[in-house]
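Sequence first, then the predicted structure:
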Amino acid sequence: MKYLLMIYGNREKWESMSPDAWPEAIARQEAFNARYRETGELLGSYGLADAAQAKLVRRVKGMPAVTDGPYLETKEYLASFWLLDCESEERARQIAADMPFADAEPVELWPILHESAADQ
């Protein structure tokens, strides 16, 4: 079954980390990614740009209408996500708990209930 892991962040959180701490944090995350890519359980790992770079897209009179966004009512926003394919929810929980920052920040774990085939 497939699962989505998500972590949240904000500019204040990222700026509070010293520049010297970033290389170690990134190395720990890349080691996590490599470990689960090797088992075949990590299908993809994606870090998102800062929310200030996001856009809202709507259709108005059949044409795209693009505005800066997103409109956030919270200071936290989706920062990164991972797509897993695990034999069980218990295994997905183990992987989520192994996330390098899970001792300080929660990792959301969502089961994926439907997948549309990309080749159809």
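Nice, I can see it. Numbers count the residues shown, from 1 in each chain.

State the helix or strand in which Thr93 lies.
For the record, residue 93 is Arg, not Thr. helix 89-97 (DSSP states H and E).

Return that helix as PDB; C-alpha atoms alone will do.
Provided in PDB are the C-alpha atoms of helix 89-97 (Å, rounded to 0.1, in the frame of the first residue of the first chain):
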ATOM      1  CA  GLU A  89       0.800   0.600   7.900                       C
ATOM      2  CA  GLU A  90       3.000  -0.600  10.700                       C
ATOM      3  CA  ARG A  91       6.000  -0.500   8.400                       C
ATOM      4  CA  ALA A  92       5.000   3.000   7.200                       C
ATOM      5  CA  ARG A  93       4.900   4.100  10.800                       C
ATOM      6  CA  GLN A  94       8.400   2.800  11.400                       C
ATOM      7  CA  ILE A  95       9.700   4.700   8.400                       C
ATOM      8  CA  ALA A  96       8.000   7.900   9.500                       C
ATOM      9  CA  ALA A  97       9.400   7.500  13.000                       C
END
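
How many residues are close by Gln101?
That one is not Gln; residue 101 is Phe. A count of nearby residues for Phe101, using other C-beta atoms under 10 Å, gives 15. For every residue, glycine as well, the C-beta is placed using N, CA and C.

Might you report the residue contacts of it?
Each residue near Phe101 by C-beta atoms under 8 Å, 6 or more residues apart in numbering is listed here: 7, 25, 107.

Where does it sit: helix, strand or coil?
coil (DSSP: H, G, I helix; E, B strand; the rest coil).

Number the chain from 750, please
In the new count, where the first residue is 750, that last one comes out as Phe850.

pLDDT score assigned to it?
Turning to Phe850, the model gives it a pLDDT of 86.

and if you look at Asp868?
64.

Equivalent analysis for Ala803, please.
85.

Run a quick neighbour tally on it.
Neighbours of Ala803 (other C-beta under 10 Å): 15.

and it, what are its phi and psi?
phi -80, psi 160 (degrees, to the nearest 10).

May I ask you to confirm that it is in contact with Val815?
No - taking contacts as C-beta atoms under 8 Å, Ala803 lies outside contact range of Val815: 10.8 Å.
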